[in-house]
Each structure stands twice: as structure tokens, then as C-alpha cells.
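Trainee: Whatever this is, show me its structure:
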Amino acid sequence: MMMMKLIIFSSLLLETLTMSTPSSSSPPTTSSEEGLCHIYNSGRSADCLGKQLDRVPWKQFPSTLEDIDLSYNRLQAVHADDFLSLPQLRILNLRYNNISHIDNDAFKNNTLLEQLDIFNNSLQEIPATSLTPLLSLKQLYMSNNLYKHATLAASFSEFVKLQVLSMGGPLVMGLKKDDFLPLKNIRLQGFAIKCSSNLSYYEPGSLAVIQTKQMGFDMAIDQRPNALPDMLRDLANKTFGVIQFRNLFEFTYYMGKNDLFQSLKDITASQIIFHRGKFNENLLRMALMNLQVAPMKRLRLQYIDFARSPTFVDSGAGSSITDLVLDKLDLWYISNPDILRFDWRFTWFNKIKELSIQYVYFNSAPCDSWVEMAGVKFLDVSNNRLKNDFIFNQRCNYKGTMPNLYSFNLSSNELTSLKDLSLLTKEFQQMQVLDLSNNRLGSAEDSRDCVWQHNITRLIARHNYFESEALGCLPTTVHYLDLSYCDLDKLHMTYFEKATSLKELLLSGNKIKFIPSKWKSPSLQSLALDGNSFGLISKASFQDMPQLSLLRAGNNPYHCTCELYAFIQDTMLKRKVNVTDWSWNYKCYHPEAFLNTFISTYFPSQVACDIRLVIIICVATTTAVILILMLICYIFDLPWYTKATYQIIRAKYRAHKERAAGETGTFTYHAFISYSHSDADWVRLELLPCLENNRSPYRLCIHERDFMPGKWIIDNIIENIESSRKVIFVLSRNFVNSEWCNYELYFAQQRAMGKTFSDIILVVKEAIDPSSLPSKYCKLKKMLSTKTYLEWPEQVNQQVFFWEQLKSVLGKPTMIRGGAQSVKSRTSSVGGVSVVMEDVYPAAVKPYTDEEAEPKKESNQRQIPVVAL
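Mentor: I've put the predicted structure just below:
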């Protein structure tokens, strides 16, 4: 905490002392409307900065104001009524105006004022009378005005709460012993004095009464260099946080022999700063020689114009700076890198714990420089435009160098080779932290065969240009790895499998398009993936990271899917992983309907995302469909149709093979008769005699007579139906109950498909109710409903007309091919003897009886004689 205060006050004094003179300053331009102040913070603050005001707009101010900023305007005076109505005012900023006069009563009603800033105005006298009522003042900035002296009025002794005071200006030619006497009983936090760049006098004891923690000098002693020892003696035996000298030698390099810093050994300070000014090796050696014995721990040289004296000659006797013990040495913005070895040696770095060299732009690191930095624990050489060969010399032997180095900062340079850096640092046995950010590292060509020191635990390589293959050249011992903003488009999984100690990984701002599901990192605890290009993330992405507890993955073009929803829900419910940037940085990019929708408000349906529910629904639906199909098959007897279709296809295939063998021709029969076994008598006694025993007989096919013995019944049925021009169905209740009749009807229907149903002739021998027919006779139902059929009359006198109708439907008998013969004309000849085939079916024909196994009525059945030739 104390160190932070020292840094704050040091910055404050530096700002105060580095401001330009009134004549060279100009207020910033602004586009705001002239004369309009912005009142905010519930009427407690007013912003009038840069409004081009030439007077205080007091009428606009509410009485509740506590803070007013009137800086960078054109005010020329402060009048008694400007702040009269503001009794609550605590902060007033009037810097960078042109104020040359302040009324004596200007602040009489502002007794609560704690901070007053009248820096960089045109006041010719310190406004002691105007300031008298301000007994609550804590910070008073009134330097860089046109005062000609720095003498404080006795009333300043009343400012017992004062903590920070800056005073003086470019016209103050010197300091007198009694100038700051009113401050002898006031303990300040910060004091800054500005004098002319051509200091004319300094009375010893002028600063002896000052009690402060931060001391700032802005004065050039080119003409009176011996004033510096007097000032340092006035500070002897005191303890300071920071002592700062600005422009100590502004125009010339000190060539004298007198030791100007001899009294430093009597001053205790945490840090001494030399800001700007001209230094040569002579003046720098004087300062460092005395710092070797002074109780000071930190030294900063910034914006120094360094040059060697023309007469400097290296005697070869070695450096006189061999025992400079500092906690920290800062060399910033030095115009000449020769300051690093101002006496041709680097020995002054030997006992520095923390060395920071920035914006010096040195172009080489000699081999002996590494040897001389034996005591350095923290080395910062960032912002120096270093290239590979500037920092790494293959001819140097780095073994045993930098034995105490813990942290090495090489950021913001122009380095390109990881291999060279690994060779440079592999001998730094204690190094654990390496900062390589803001370089040009990462090409695969310059990232091969790396050999790193095994103690590196923290690697910072943000803002480089890494290819995925280059990750394999990084040290695998790290606990912390920062690869943010490195243009990475994919991850090198092999490296992460080897980096078993990795606990924190930063990959923000890259172009990673895919997160592998088998990303193994057993020790990883914190992961940053925000600002990349991947859209898919799921629970499987991090399942092989058992220690992961912190995740930052916002600002990615997410595809709002069930996997993403499941991941978010699982993460939020289990709370094992804390998503640190949830939820404003998580928006949907795809699908377009959800574009810019917050993922926290994305809730897909349970059916769409629950795979178990989907499986249950699919199984249930499939089961229901199967059951419905089975029911339909049962109701409409689909197995029977399937079986029949199979049989007809098989028969047609056989017929095709037979036709291919040459057995082709026209119809063999005029008609195929399909009837039930129970109606056989009617067919034999009535139908056949009437149609076959004519002058012009019809050739009919019945199964009992004309089926080929030895053939399959189905084949006989199909072949004879195909060989018949017409098919006559003798319908009766027995026909409906016959399985073979059903087959014959089905095959006839299949034969008629694509042609016409006129080839089918229905003869209703017994009255049948179509609605009573089984479902498998749906075609028969339709034909009975839509097709004209013949009905056998019971009256004998009507039967003649019936036969005429049937003959007209059959048409006139024409010539039929004689290639096929009925059973009557088929004989078997054995040894020249004619055998008459009896009316007994062979094995392949005999089973062709009704499935109902009707009792044979032998007395009523007359066999058709088979004639042997």
C-alpha cells in the first residue's frame, strides 16, 4: 500500500513539473456549444472543460455543486460573486486558463474547498489573501504561473490540512532561505518547486523546513551546478518516498570535477528519478558512485539525453561501479543505447534485482552483458525493436549465465524464432516466467527443434502470429499459457496432451473454428476461449478436463442447437464450471431465426433435444404402424394375396422359360371353367354338353379333364387360364368357400389387368349377397356390383335363353391352335399297347379338391370318359 502511494504521488509531481509555460500552452479545441456546462451527478458536479468561456457562468450553477471543472477555457479573472453561492464546493479546477487576477473575496464562501488547481495561468503574485479562507485545503496546485519569487505568506501556516503543494514558475530565478518558512510545521505528502531554467541563486537552508514524502525539483543548474550540493544537504537526514529531478542540466553536459551528488549518502529515499536533462558518463558515474553508499533502493533514468564526453578514454582499469545494490533500475526512453555500458562495462548491473530497459533500442547484447547480470531476478527488455540476432548470439556461451533470473520480459519487439529463444534461455536455470507477447513469433519454419529450460511455468505469448504446428515448439512445463490474439485457427492436441501441468490457458481473440471433443488436459483449471470463430460446443468438449472450474467463452458465433442447450443446462445446474462472462456475451448466430438471441433465453422443445424421448416416440409409432398393418392384413387377407401373387409370378417365370424354349402360340381353349367341386355335376351335365356338343363346338378347359398330370396344380391353373380366351366362373356358396376357386379368380383378375375385364364371365348358379362375401373377394364384390353377370334360371323354359346369352358372350367359336390336347387325346404307349387313362388324377393333380373336404357324392358324379386312340 505504501509503495502504491509513492507511485501515485511520483506521477502527480511528474505531471506538475513537466507542464509547459503559460505562453506555450493552448486549450484543446472542442465541438461543444460555447458557454454550456454539463451538470451531472445529481447536481453535484459540473463539467465546463474546453467551453471557450471568458467568464465563470455562475448563474448556471446550482447551489449543490461540489465539483467544478473549468480547465482549458479563456478565463482572465476570478470575481467575488463567481463562486459565492456554492457553499458545498470541494473541488475547483481552473488550470490552463489565462487568469491574471483573483479577487480577495473570491473564495470567502467556499470554506469546504479541499482541492484548488490554478496551475498554468498568468498570476504574477501568489494569491495569499484570496486563499486565506480555505482552511480545509488539502491539495493546492499553483505552479507554472508568472511569479517572480516563491515566498509564501504567513497565512500559509494556517493550512494545517495541506497535503500536496506545487508552486513556482519559469520566472522564479532562485530560492531564499525564508521562502517556505510558513510550512515548517506542516507535514506534506508531496511538494514540487519550479524555477527558471537559468537558476541564478539558491540560499542554503531554503528547503530545510520542508517536510514531505515526495519531493520534486524542476530547475536547470547549468549556470549554478554547485546549487545541487546545497539542495541535497538541505534534504539530509530526512526520509523520502520519491525524489525527482527534472532537467537538471537542460542545455549543457557537466564537465566539472566536483562531486555534485556527494550528499546523497545522507538522504534516505525509496526512489530517485532523473527526468530529462543531459547526462554524460562523468555525471552518471558521480551519481552511481554515491548511490552505491546511499540508502536508496530504486533508480530511474527516463528521457535522458546521454552522450559520452569527447575526451573520455577507456583506461582498461575496469569499472568504478562494482557495488551498486538496487532493488530496481529503470532505463526508459534513453536517446543513446551506449548508456548501457557508459564506461564500456556492464558491471553496474551486477547487483540489480530488477532491471528494466525500455525504448532504448539497443541492437546487440554482448556476451559479457549476460555474465555481468548475475544478480538480476527480473529482466525487462520490452519495447526495444529487438530482432533474433540482436538478443541471441550463437558464438556466446550462455552456460552458467543469469543464475538468479526468475522473470524475463521480451515483449513488444520484433522476434520471430522460438528456436533461438529456447537456445538463449535453456541455461537460465531459475527462470520461470517468460513474456514474449507482441512479437512476430509463431511461424512453423522458425518453430522447430526447440529445447526449453524445464523450470518455465508461466509463458505469455499474446499478440503473435501462431500457426497450429508452432504450438509444438512451446515449453510443456508451463502452468500458465497466454496465446490470446495469435491468429490461431485450430488447436494442436498433441501439445496439450504433453503439457500435463497446464492449469490456466488463455486463447481469447483467435480464429479457432472447432473445439475438439477429445481435448485432454488433466490439470487445466481455467480456460478462456472468448472472441473466437467456433459455433458448436457441447458437454463432450471438456469432458477430459476433470479439474476445469473457470470458463470464458463468450463473443463466439454460436449455433443454437440441442448440444449447446444441453451444455449450458448441465453447466448451470452442476455449477462445477463457472462461466465467468455469462450471459451477455453469449448470443445465437445460427439459425437465422435466432440471430442475436441471447442463449440464456433459448429454450428448444423437449422432443427436439431429448434423445430418449425421441426413441420412445419412434418405437411407439413404429409399433403402432406394425400393429395397424397387421390388422389390415388380417382384415383384408393380405397374406393370401401375397401368396397368390408369389405363385403367379413364379408360374409366369416358368411360362417365360417355356416360351423362350419355343412353346409359343395363340389360345388353346375358348374358355376356362372355374367351379367348385360341389358344382361339378352341373358343369358335366349342363354346361359342357351345351357348349361342346354343338355344330360349332367350343373347346373348354376343366381341371378334371384337361390339367396336365404331373404338373403343379398352380402351374396348371395359371397355364390354362393364360391359354384360354375367356374365363367362366360358376358362382355359388360352395365357390366362395373353395380355396382353389379363389386362386383361379385371383389369377384371372391378374390376367385381366392392363387388358379388360370382359374376358371374365360370371355365371351365378346360386344367389349370392355381395355384402356377405369375405374381404378377400373385394374384386368379386366390385364385379358383382358393376358388371353384368349371367344368372342360372331354375325354370327350364328360361334355360334356353341363358345358353344363348352365354354363347353370345363367348362369341363365335373360331379355330384354336391344336398344339395342346385334352386328357382325352393323351395316351401312354407301352410296348405298342394303348392304355386308357382312367379318371384318376396323378399326384400333382389329385390334391386339387376343395379345402372344405366335401364328401364325395359318387352316386351323383359322372366320370368323363377318357378315350384312348
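
Trainee: any idea what sits nearest Ala106, other than its immediate chain neighbours?
Mentor: With CB to CB, 6 or more residues apart in numbering as the measure, Val78 is the residue that lies nearest to Ala106, at 4.6 Å, once sequence neighbours are left out. (Glycine included, C-beta is placed from N, CA and C.)

Trainee: Just give me the neighbour total for the one you found.
Mentor: Applying other CB atoms under 10 Å, we find 23 residues neighbouring Val78.

Trainee: Just list whatever residues bridge to it.
Mentor: With DSSP bridges as the criterion, the beta-bridge partners of Val78 are Ile102.

Trainee: what residues are up against the residue lying closest to Ala553 once chain neighbours are set aside?
Mentor: With sequence-adjacent residues excluded and distances taken as CB to CB, 6+ apart, Ala553 is closest to Leu529, at 4.4 Å. Residues touching Leu529, when contacts are defined by CB atoms under 8 Å, 6 or more residues apart in numbering, comprise Leu507, Ser508, Ile512, Ile515, Leu551, Arg552, Ala553, Asn556.

Trainee: Then Phe156?
Mentor: If you count contacts by CB under 8 Å, 6+ apart, Phe156 has them with Ala128, Leu131, Leu162, Pro182, Leu183.

Trainee: distance of the last one from Ala593?
Mentor: From Leu183 across to Ala593, the span is 73 Å (CB to CB, to the nearest Å).

Trainee: Who has more neighbours out of these two?
Mentor: Here Leu183 and Ala593 are compared on neighbour count by other CB under 10 Å; more neighbours surround Leu183, at 20 against 8.

Trainee: related to what we said a few turns ago, most neighbours among the contacts of Phe156, which one?
Mentor: So for those (other CB under 10 Å), the most neighbours sit at Leu131, 24 neighbours.

Trainee: In this structure, what helix or strand scores lowest on average pLDDT?
Mentor: Ranked by mean pLDDT, DSSP states H and E, the helix or strand of the chain with the weakest confidence is strand 833-835, at a mean of 26.

Trainee: any chance you could map the helices in the stretch 351-500 of the chain?
Mentor: All helices of the stretch 351-500 of the chain, identified by DSSP state H, counting those that start in this stretch, fall at 367-372, 388-391, 418-425, 493-498.

Trainee: Can you say which of those helices is packed in most?
Mentor: Ranked by mean neighbour count under mean count of other CB atoms under 10 Å, the helices of the stretch 351-500 of the chain are led by helix 418-425, which reaches a mean of 21.

Trainee: Does anything pack onto that helix? Which helices or strands?
Mentor: Other elements packing on helix 418-425 under the criterion 3 or more CB pairs under 8 Å, 6 or more residues apart in numbering; DSSP states H and E are helix 388-391.

Trainee: what helices or strands is the helix it packs on leaning on?
Mentor: Other helices and strands packing on helix 388-391, by 3+ CB pairs under 8 Å, 6+ apart, are helix 418-425.

Trainee: Off-centre distance for the helix it packs on?
Mentor: The chain centroid and the centroid of helix 418-425 are separated by 32 Å under CA atoms, centre = their mean, to the nearest Å.

Trainee: Tell me the buried residues in the helix ranked longest in the chain?
Mentor: Scanning the chain for the helix with the most residues, using DSSP state H, yields helix 611-636. Of all the residues in helix 611-636, not one is buried under the rule 16 or more other CB atoms under 10 Å.

Trainee: same thing with stretch 799-819?
Mentor: Phe802, Leu806, Lys807, Val809, Leu810, Pro813, Ile816.

Trainee: pretty sure the fourth one belongs to a strand, no?
Mentor: No. According to DSSP: H, G, I helix; E, B strand; the rest coil, the state of Val809 is helix, so it is not within a strand.

Trainee: And it, how far from Cys450?
Mentor: The span separating Val809 from Cys450 equals 101 Å under the rule CB to CB.

Trainee: go on, the second one?
Mentor: Between Leu806 and Cys450 the distance, using CB to CB, works out to 105 Å.

Trainee: Likewise for the fifth one?
Mentor: Taken as CB to CB, the spacing of Leu810 relative to Cys450 amounts to 102 Å.

Trainee: returning to that earlier point: average pLDDT for the longest helix of the chain?
Mentor: The predicted model assigns helix 611-636 a mean pLDDT of 83.

Trainee: Need the nearest residue in space to Asn510, chain neighbours excluded.
Mentor: Leaving out its chain neighbours, Asn510 is closest to Leu488 (CB to CB, 6+ apart), at 4.1 Å.

Trainee: got it, and Leu89?
Mentor: Closest residue to Leu89 in three dimensions, ignoring its sequence neighbours and counting by CB to CB, 6+ apart: Asn110, at 4.8 Å.

Trainee: just checking, Asn455 touches Pro475?
Mentor: No. Proximity of Asn455 to Pro475 does not meet the contact threshold set by CB atoms under 8 Å, at 9.3 Å.
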